[in-house]
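Participant: sequence unavailable; structure follows:
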């Protein structure tokens, strides 16, 4: 009885790790895209584990950490996507996060950041989905190494080579708690299952083998899926002579003109968080727990089938996306051409405005001389009239531009009242008529020069305004050109997107089949390897489960929330 229960307990742990939401997340990236709507929607509908606690929290945090790595596994960037599930429809959600550059990716709800990473979201009853960046050490470190014909080689050197190649993924678990086991304080690692997936072209790779995994060949490609449990052997203190719990995945194959697409790996501890450790207090209940875990693996396989259906829908919608991008591209080109023509026309307008302003300024500069000359002529005519009237024996006050009309009108009226002076009155009237005629010209000249000055001021304003318009039209032309170039780049990437989605759809179906086989063969095989002290093993099992439950996030979580977290690693391509 003791031996059977010991083996069942070990099987329970390994199956729990293997079943931890591995199916869909291994296929979470498409092509070179770092973030897609497919990831979040598939994870929400399939991968999120249902809550089993009796007391429902106000909100839960489902966190996915995307690790963009080089071909050797070196971390280049970490992007964290958090989904706050507003279980009770709260107006405010109290969150905590160490992320920077936080962006709400599913709505317009705002947030207020506080001290020590606290953040309050204005949820208004809705879920919140946001992303951000972080620069922290990952709980599981992944290294990828390569050998060609048994000799270590760098990814860059391996490109285009031929021979027997070995690709090894080593995982180091760095997340642990120090717990009391018996009388000793020991490290208990958070139990992560790491599933790594590759898609290999059969024209490039033959005679493929994988440790701790499965190969699925569809005729043109071979899907490779391997699984490892870093830190589990140490946590359970399993005798390596009886059972080696893998902490790496190794792929070997014959290669011709080597190239390798991206690889995807998922690390998760989520299924351990759902295990009730009270089962371990009664050995007779271990068989029921084993059945429960086996059912969970089957459910995960069903979830992978749902991912396949979702990706099929996405593939159908990709055609509509291509048509939409093509239409946007045509519109962007028209905008680019129109902006260029507008910029050219504004340039011509600017030249005309400059010429107009220059000409009016020249006229304005001569206005004072012109007005002065006309005034001088007017005053000369008045002096001549003054002399003629004085010579005729008339006493006349000094004539000015302002008073000549009233003075001469008075003289004409006085002379007209005497019949004998009628001829003299006509002579004075003739002089006044000449002065009136010139006065009309003089007044018109003043109005003209004033109008020229006003027009010159307006021309300067027009010149300034056209200059600003030219700057704006030039910026518009540059922006339209950049927009058109960017859309062309996006358009060029669409074929790769469709190919990637097609591969992911095929891979999801194959992975579901692989999980079913893993449940049938891998789980049962593990029961024959574990033996030892049952009490000590149970203590370690409980400690491992508790360590898993205590680790629910990577970037921070509020005390008011429950959470779960998974890590998706994507390595860079080697070759084309």
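Facilitator: Everything's here; your move. Everything quoted here is computed from the prediction, not taken from an experiment. Residues are numbered from 1 along each chain as shown.
Participant: please enumerate the helices of the stretch 201-350 of the chain.
Facilitator: Read by DSSP state H, counting those that start in this stretch, the stretch 201-350 of the chain holds these helices, from start to end of the chain: 232-236, 286-391.
Participant: figure out which of these is closest to residue 503.
Facilitator: With Cβ to Cβ as the measure, helix 286-391 is the member of the helices of the stretch 201-350 of the chain nearest residue 503 (9.6 Å). In short, each C-beta sits where N, CA and C put it, glycine included.
Participant: and the next helix or strand past the closest one?
Facilitator: Proceeding N to C from helix 286-391, the next assigned helix or strand is helix 404-416, under DSSP states H and E.
Participant: report the contact partners of residue 484.
Facilitator: Taking Cβ atoms under 8 Å, 6 or more residues apart in numbering, we find residue 484 in contact with 329, 332-333, 335-336.
Participant: dump these to JSON lines, plus distance to residue 221 and pLDDT.
Facilitator: Converted to JSON lines, the contacts of residue 484 look like this (distance: Cβ to Cβ, whole Å; pLDDT from 0 to 100):
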{"residue": "329", "distance to residue 221": "31", "pLDDT": "80"}
{"residue": "332", "distance to residue 221": "36", "pLDDT": "77"}
{"residue": "333", "distance to residue 221": "37", "pLDDT": "81"}
{"residue": "335", "distance to residue 221": "41", "pLDDT": "78"}
{"residue": "336", "distance to residue 221": "40", "pLDDT": "78"}
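Participant: circling back: what's the most buried one of the helices of the stretch 201-350 of the chain?
Facilitator: Mean neighbour counts were taken over those using mean count of other Cβ atoms under 10 Å, and the top value, a mean of 22, falls to helix 232-236.
Participant: starting at the chain centroid, how far to it?
Facilitator: Offset of helix 232-236 from its chain centre (Cα atoms, centre = their mean, to the nearest Å): 40 Å.
Participant: and it, what's its mean pLDDT?
Facilitator: Averaged across helix 232-236, the pLDDT comes to 91.
Participant: and for stretch 82-94?
Facilitator: Along stretch 82-94, the predicted confidence averages to a pLDDT of 93.
Participant: ok, and what's touching stretch 333-348?
Facilitator: With Cβ under 8 Å, 6+ apart as the test, stretch 333-348 has contacts from 466, 469-470, 473-474, 476-477, 479-481, 483-484.
Participant: returning to that earlier point: using CSV, please lay out the helices of the stretch 201-350 of the chain together with distance to residue 123.
Facilitator: As requested, those are exported to CSV (distance: least, Cβ to Cβ, whole Å):
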stretch, distance to residue 123
helix 232-236, 38
helix 286-391, 26
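Participant: straight-line length of stretch 200-213, end to end?
Facilitator: The first and last residues of stretch 200-213 sit 15 Å apart, counting by Cα to Cα, to the nearest Å.
Participant: what comes up buried for that stretch?
Facilitator: Of the residues in stretch 200-213, those with enough neighbours to count as buried (16 or more other Cβ atoms under 10 Å) are 200, 204-205, 208, 210, 212-213.
Participant: from these, which land in strands?
Facilitator: Taking DSSP state E as the definition of strands, the buried residues of stretch 200-213 contribute 200, 205, 208, 210, 213.
Participant: the second one bridge partners, please.
Facilitator: Residue 205 forms beta bridges with residue 255, as assigned by DSSP bridges.
Participant: likewise for the last one?
Facilitator: Counting by DSSP bridges, residue 213 forms beta bridges with residue 226.
Participant: for the stretch 151-300 of the chain, which segments count as strands?
Facilitator: 151-153, 163-173, 176-181, 184-189, 193-201, 205-210, 213-217, 221-228, 248-255, 264-268 (DSSP state E, counting those that start in this stretch).
Participant: ok, now how distant is residue 486 from residue 475?
Facilitator: 16 Å (Cβ to Cβ, to the nearest Å).
Participant: just to revisit the earlier point, and the helices of the stretch 201-350 of the chain, which one's lowest on average pLDDT?
Facilitator: For the helices of the stretch 201-350 of the chain, the weakest mean pLDDT is recorded on helix 286-391, namely a mean of 77.
Participant: that one vs helix 404-416, what angle?
Facilitator: Counting by axes from the mean of the first three to the mean of the last three Cα atoms, to 10 degrees, helix 286-391 points 30 degrees away from the direction of helix 404-416.
Participant: buried ones in stretch 215-230?
Facilitator: By neighbour count, and taking 16+ other Cβ under 10 Å as the criterion, the buried residues in stretch 215-230 are 215-216, 221-230.
Participant: quick one: stretch 498-514 to chain centroid distance?
Facilitator: Put simply, stretch 498-514 sits 26 Å off its chain's centre (Cα atoms, centre = their mean).
Participant: may I have the distance across stretch 222-234, first residue to last?
Facilitator: One end of stretch 222-234 sits 33 Å from the other (Cα to Cα).
Participant: list only buried entries from the contacts of stretch 333-348.
Facilitator: If we count by 16+ other Cβ under 10 Å, those have these buried: 466, 469-470, 473, 476-477, 480, 483-484.
Participant: looking at these, which is nearest residue 161?
Facilitator: For these, the closest approach to residue 161 (Cβ to Cβ) belongs to residue 484, at 40.3 Å.
Participant: the closest one belongs to a helix?
Facilitator: Yes: Residue 484: assigned to a helix according to DSSP: H, G, I helix; E, B strand; the rest coil.
Participant: ok, residue 213 to residue 201 distance?
Facilitator: When distance is defined by Cβ to Cβ, residue 213 is 18 Å away from residue 201.
Participant: for stretch 82-99, buried residues please.
Facilitator: Of the residues in stretch 82-99, those buried by neighbour count under the rule 16+ other Cβ under 10 Å are 82-86, 90, 93-97, 99.
Participant: check those residues and tell me the two furthest apart.
Facilitator: The widest separation within the buried residues of stretch 82-99, taken as Cβ to Cβ, falls between 90 and 99 and amounts to 20.9 Å.
Participant: where does the stretch 151-300 of the chain dip in pLDDT?
Facilitator: In the prediction, the stretch 151-300 of the chain carries residues with pLDDT under 70 at positions 279-294, 297.
Participant: still on that earlier bit, of the ones in strands among the buried residues of stretch 200-213, closest to residue 153?
Facilitator: Nearest to residue 153, judged by Cβ to Cβ, of those is residue 205 at 16.0 Å.
Participant: now, among the buried residues of stretch 200-213, which is nearest to residue 423?
Facilitator: Minimum separation from residue 423 among those (Cβ to Cβ) is found for residue 204, which lies at 125.5 Å.
Participant: wait, the closest one touches residue 254, no?
Facilitator: No: with contact defined as Cβ atoms under 8 Å, residue 204 does not count as touching residue 254 (9.6 Å).
Participant: what about residue 112, which SS state?
Facilitator: Following three-state DSSP, residue 112 is assigned to strand.
Participant: tell me the bridge partners for residue 153.
Facilitator: Beta-bridge partners of residue 153, counted by DSSP bridges, are residue 146.
Participant: mind picking the two most distant members of the buried residues of stretch 200-213?
Facilitator: Distance extremes for the buried residues of stretch 200-213: the farthest pair is 204 and 212 at 22.9 Å, using Cβ to Cβ.
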